[in-house]
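1. need a 3D model of the sequence below.
(one chain, ligands or ions: 2)
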Amino acid sequence: MATEDLGVALAGERIQGVAVLGATGSIGGSTLEVLALYPERFRVVALTAHRSVERLFALCLRFRPRYAVLVDDDAASAFSARARDVLPEVVVLSGEEGLAAVASLPEVDQVMAAIVGAAGLKSTLAAVRAGKRVLLANKESLVMAGGLFMEEARQSGAEVLPVDSEHNAIFQCLPGGRLAGSGVRRILLTASGGPFRTWRAEDLVGVTPEQAIAHPKWVMGPKISVDSATMMNKGLEVIEACWLFGARSDQVDVLIHPQSVVHSMVEYEDSSVVAQLGNPDMRTPIAYALAWPRRIRSGVPSLDFCAMGALTFEPVGDGRFPCLSFAYQALRQGGTAPAVLNAANEVAVQAFLDRTIGFTDIARVIGAVLELEPTQQAADLAAVFQADASARRRAAMLIGHHQSDVRSCAH
Ligand code: NAD
Ligand code: MG
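-> Ligands and ions are numbered 1, 2, ... in the order given. Below you'll find the model as predicted:
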């Protein structure tokens, strides 16, 4: 058996210290499953969560990290009390400072950035500034502050490796990981089309959170599942691709591929198309990013070509999912516009999950916020956070008005 299969560190290779930000989430869980296959190669140094004390505690019992972070102060105190006798060696930290601290520890070589939403930006940037290998699942941080993010990475020498399955696929199809000088004509981002791909526009109005979260191909956290259902996820991914690979917006096309086997493709000037295929399971891109440039087992079974049936592709189509167009619009506008898009989306998705607004209101809120919010150059992080805060206020206001409209109609 090859050394790789035994999961031991290769001769001369240091054990890699890993911090998993967002350890209690879907990506966090898949990451820990891969890490568990290689106890001699990777050491879990830090695990973080927002406030799920029991889930983080169970993970700490299993993986024995040196640090545990709960962003919520009360949750951190509860965790400390719970851990005192059983896990006395674990240092418990709290707040965004706690996240940034573990992302920059000297004994951490790789940081899995798997917090959901804008809440992940500061800690992901801390990892970038500290020059870590950053395994990037938190696409929202690139959407909000892509220019600043990539410039920080250039300065610190951080390796930003995409975990998002489409971007991981493109990275695998693209020698050198960037478009410049590669003879690339365009990137083809595949999209499953989500649970409502074949629904009529009028039926989308009554969609419930349960229906939106039930993704046909991927098991994911609630926010990204709703994003997939509205197609905003693909919009965020178009922006993510432009920053990661140095592409222009007109070089990134989206193609519906319901089977989610082709994770994305790159078309070259000679009309060759290189695609990456695999089962829809995030452990594959996670293992690829962890071991790059080597390959290790991920625990994902081989693709069964004979059992899988036809692979089909279709155009995005017909305006039922306006969020994708909003994302292209914000990307072309540039500056703080993508941060505004992201903030409006986060507020609207949460309101939908809380049953305050309907499914089709998500796009309506985002469109209105994009139209009403002034944007400026994303000169520094302060400008980005200001745009984020202002867009959140605007979205909340629109949702509040919507609620009072609904109430007055009911009376
Ligand atoms: P999730 O909801 O399952 O998990 C989110 C994690 O972030 C949890 O550990 C939670 O405790 C933590 N968190 C939430 N709010 C926080 C806050 N305010 N401060 C600190 N931590 C907080 O989400 P997920 O599906 O694992 O997605 C994580 C990220 O990965 C998202 O950016 C998503 O777009 C991206 N992503 C996910 C998938 C997937 O298959 N799930 C695929 C591609 C990209
Ligand atoms: Mg994706």
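
2. I figured Val111 hits Gln16, correct?
-> No - with the criterion set as C-beta atoms under 8 Å, Val111 and Gln16 do not qualify as a contacting pair; they are 11.0 Å apart. C-beta coordinates here come from the backbone N, C-alpha and C atoms, glycine included.

3. settle it for me: which of these two has more neighbours?
-> Val111 (29 against 18; other C-beta atoms under 10 Å).

4. okay, and that one sits in which element?
-> strand 110-113 (DSSP states H and E).

5. ok, residues contacting that strand?
-> Taking contacts as C-beta atoms under 8 Å, 6 or more residues apart in numbering, the residues outside strand 110-113 that touch it are 16-22, 27-28, 31, 42, 103, 120, 123-124, 127, 132-138, 141, 163, 286, 290.

6. in its sheet, which strands sit next to that strand, and in what direction?
-> On the basis of DSSP bridges, the sheet neighbours of strand 110-113 come out as strand 16-21 (parallel), strand 133-136 (parallel).

7. and the helix or strand just after it with strand 16-21, angle?
-> The first helix or strand that comes after strand 110-113 along the chain, using DSSP H and E, is helix 121-129. On the basis of axes from the mean of the first three to the mean of the last three C-alpha atoms, to 10 degrees, helix 121-129 is oriented at 160 degrees to strand 16-21.

8. which elements pack onto helix 121-129?
-> When contacts are defined as 3 or more C-beta pairs under 8 Å, 6 or more residues apart in numbering; DSSP states H and E, helix 121-129 packs onto strand 16-21, helix 95-103, strand 110-113, strand 133-136, helix 139-156.

9. if you compare those, which one is most tucked away?
-> Among the helices and strands packed on helix 121-129, the stretch with the highest mean neighbour count (mean count of other C-beta atoms under 10 Å) is strand 110-113, at a mean of 28.

10. any idea of the mean pLDDT for that strand?
-> Confidence for strand 110-113, expressed as mean pLDDT, is 99.

11. next one: stretch 54-65
-> The predicted model assigns stretch 54-65 a mean pLDDT of 98.

12. who touches that stretch?
-> Outside of stretch 54-65, the residues that reach it under the criterion C-beta under 8 Å, 6+ apart are 23-24, 32, 35-36, 44-49, 68, 70, 79, 82-83, 86-87, 89-90.

13. just the buried residues of these.
-> Burial by neighbour count, 16 or more other C-beta atoms under 10 Å: within the contacts of stretch 54-65 this picks out 23-24, 32, 35, 44-49, 68, 70, 79, 82-83, 87, 90.

14. tell me how many other residues crowd Ala330.
-> Ala330 is surrounded by 27 other residues when neighbours are defined as other C-beta under 10 Å.

15. check Thr190 too.
-> By the measure other C-beta under 10 Å, the count of residues near Thr190 is 25.

16. got the contact list for the nearest residue to it once chain neighbours are set aside?
-> On the basis of C-beta to C-beta, 6 or more residues apart in numbering, the spatially nearest residue to Thr190 that is not a chain neighbour turns out to be His257, at 4.1 Å. If you count contacts by C-beta under 8 Å, 6+ apart, His257 has them with Thr190, Ala191, Ser192, Gly193, Leu311, Thr312, Phe313.

17. nearest to Leu381, of those residues?
-> Using C-beta to C-beta, Ala191 is the member of the contacts of His257 that lies nearest Leu381, at 30.3 Å.

18. once you drop chain neighbours, what's closest to that closest one?
-> Ala191's closest residue in space is Lys234 (C-beta to C-beta, 6+ apart), at 4.5 Å.

19. and Ala68, what does it touch?
-> Ala46, Leu47, Thr48, Leu56, Cys60, Phe79, Ala83, Leu87, Val90, Val91, Val92, Leu93.

20. so what's Gly131 up against?
-> In this structure, Gly131 makes contact with Ser156, Gly157, Ala158, judged by C-beta under 8 Å, 6+ apart.
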